[in-house]
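> No sequence on hand, only this structure:
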């Protein structure tokens, strides 16, 4: 009989306590991030520098060494580089990345000597056709980048190279750059 | 209602010349349709949206906030979607019973609105057996649910239907017994009569009349939740074990009708609780303008009733589902004896407690209620402090 009344008392007090806990959640801020349209800053800006998004190539500093093409385990990178007979310069005729095949492993950006091929923080790649997933970076044949002996002086190339080397350095560090918001959103 | 019909068919009325036997059903159907389409359906729909918002906030989510301002039109979008969906009837189902069942469920709940008061003058039919009528027509719901469970020809549906039948039949007993103390006190079964026996002040409500009616309120509210298949008593449609229970095989609008009943029934529960225990539409006589007074009464009644709709949502977000045997234990071993004690206690109270002492007890109970509320909010503050929140973690606005 004592158990009977203690059951009632326990029910009432535990429900009272539970209701007060749930009520206290009414004045707490919801955790939901309303991606993609109702967020204070674009989600891409909150990602770390080495976030592995869609691949991008800075043709200005690509040496045409084909290291990335060889590194790619699923052959989603196709490069055509030929030496021009007259100017003796390496010409890039084709640099295609099939984003539909890419598995974002990052093996291509590791051997790149200049940090030309790198992941961006973009990840919204949805499209209506497979063809549009094929990114063609070379529209018209261009000369590959030829590293200079001393420090780079061309003011148009310096920012690209700085960024690329920082990308590589960052990878060499064990923890990487843990600060978010440094990613290049371009 | 009869006076209204008589005034309409009198000389110069809108229905002048129409015989009473024709005019009365016409007016009643028109008024019923007005209540159903102008009040019941929007209330059920808005409740569905509000429930999702309230539930979401308790779980630190946001809930539907895209359709219309703050997602307010979500219920219209959901209703439209379900209207346009294909209405599938399984080939092995009993076609007639399967089609009929949702309508019985909805009829059982909409019919209660005939005796649910809105203001002192606005009520479809102030039956002299109002509360008995409501208890009776709510019983039709169990027929519909059992019919749905049986005719679906599906094991989950059948189990859900049978569980629901057992549950509703059981919980009607404590619910009915909890109405008795009020009926004893007022000597009437009429909804308006019960409200008129109370006052606008909390100490004049039957909620605080004596300890027995205080307990009867909780027994009635819990039993009403169980009758309405609400969590923590939603074992007939327990998702984790029975898929969707008796509505597993339903789709489209028929499926939505079951949920219309569930959400609309919340308001009915709130309205009955308000009528029986919380003074209904009673407001202080602050004005002579009957129109203004009616608006104040309607607002008071609606707010009180809707507060219990909110409590039902809140309970749903708090308590886990009970097991079938626990459900029956709660009903037969705890609520029925308590309800009987409440009834006998109230009868003894009326016989033996003098009026002055009863008056003192009313004030004392009201003070006790206030203390419980204060303790409750102190517990809420305690839990907030224990969570060690940053100032930016507090968010008081319902808008997000």
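Nice, I can see it. From a predicted model like this one, the values you see are computed outputs, not experimental measurements.
> Flag the shaky bits of the stretch 101-250 of chain B, pLDDT-wise.
Scanning the stretch 101-250 of chain B for pLDDT under 70 picks out B:238-239.
> Tell me where the model's unsure across chain A.
In chain A (pLDDT under 70), the answer is A:171-186.
> what helices or strands is the longest strand that it contains leaning on?
For chain A, the strand with the greatest residue count under DSSP state E is strand A:90-98. On a contact count with 3 or more Cβ pairs under 8 Å, 6 or more residues apart in numbering or on different chains; DSSP states H and E, strand A:90-98 meets strand A:55-57, strand A:77-83, strand A:134-136, strand A:142-143. (Glycine included, C-beta is placed from N, CA and C.)
> buried stuff in stretch A:41-51?
A:44, A:47, A:48, A:49, A:50, A:51 (16 or more other Cβ atoms under 10 Å in any protein chain shown).
> Same list, the residues you listed, but only the ones touching chain B.
Among those, no residue lies close to chain B (Cβ under 8 Å from any Cβ of the partner chain).
> And the furthest pair within the residues you listed?
Spatially, the most separated pair among the buried residues of stretch A:41-51 is A:44 and A:50, at 13.7 Å (Cβ to Cβ).
> Now do the SS call for residue A:10.
The three-state label given to residue A:10 by DSSP: H, G, I helix; E, B strand; the rest coil is helix.
> Quick check: which of the helices and strands packed on strand A:90-98 is nearest to residue B:289?
strand A:55-57 (72.7 Å).
> quick one: strands adjacent to the closest one?
strand A:117-119 (antiparallel) (DSSP bridges).
> that older thread, please list the outside residues in contact with the longest strand of chain A.
A:55, A:57, A:59, A:62-64, A:76-84, A:133-138, A:141-144, A:146 (Cβ atoms under 8 Å, 6 or more residues apart in numbering or on different chains).
> PyMOL command for the buried members of those?
Of these, the buried ones can be selected in PyMOL as follows, counting by 16+ other Cβ under 10 Å:
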select buried, chain A and resi 55+57+59+62+63+64+76+77+79+81+133+135+137+138+142+144
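> Quick one: distance of stretch A:104-114 to the chain centre.
12 Å (Cα atoms, centre = their mean, to the nearest Å).
> Repeat that for stretch B:158-178.
16 Å.
> can you check stretch B:83-100 too?
28 Å.
> Which strands and helices lie in contact with the strand or helix carrying residue B:301?
Per DSSP states H and E: residue B:301 is located in helix B:290-318. Counting contacts by 3+ Cβ pairs under 8 Å, 6+ apart, helix B:290-318 packs against helix A:2-24, helix B:41-58, helix B:211-227, helix B:252-277.
> give me that answer again for 6 Å
For helix B:290-318, the elements it packs on are helix A:2-24, helix B:41-58, helix B:252-277, judged by 3 or more Cβ pairs under 6 Å, 6 or more residues apart in numbering or on different chains; DSSP states H and E.
> In that helix, which residues are buried?
Buried residues in helix B:290-318 (16+ other Cβ under 10 Å): B:293-294, B:296-298, B:300-302, B:304-306, B:308-309, B:311-318.
> Also stretch B:10-22?
With burial defined by 16+ other Cβ under 10 Å, the residues of stretch B:10-22 counted as buried are B:15, B:18.
> how long is it end to end?
14 Å (Cα to Cα, to the nearest Å).
> tell me the mean pLDDT for that stretch?
The pLDDT scores in stretch B:10-22 average 72.
> does residue 64 count as helix, strand or coil?
In the absence of a named chain, this looks at chain A. coil.
> Can you look at chain B instead?
coil.
> I figured it hits residue B:71, correct?
Yes - counting by Cβ atoms under 6 Å, residue B:64 does reach residue B:71; the two are 3.9 Å apart.
> Residue A:56 and chain B, how far apart?
From residue A:56 over to chain B the distance is 33 Å, taken as Cβ to the nearest Cβ, to the nearest Å.
> I'd say that residue and residue A:119 touch.
No - under the criterion of Cβ under 6 Å, residue A:56 makes no contact with residue A:119, lying 7.5 Å away.
> Which one's more surrounded, the two?
residue A:119 (21 against 17; other Cβ atoms under 10 Å in any protein chain shown).
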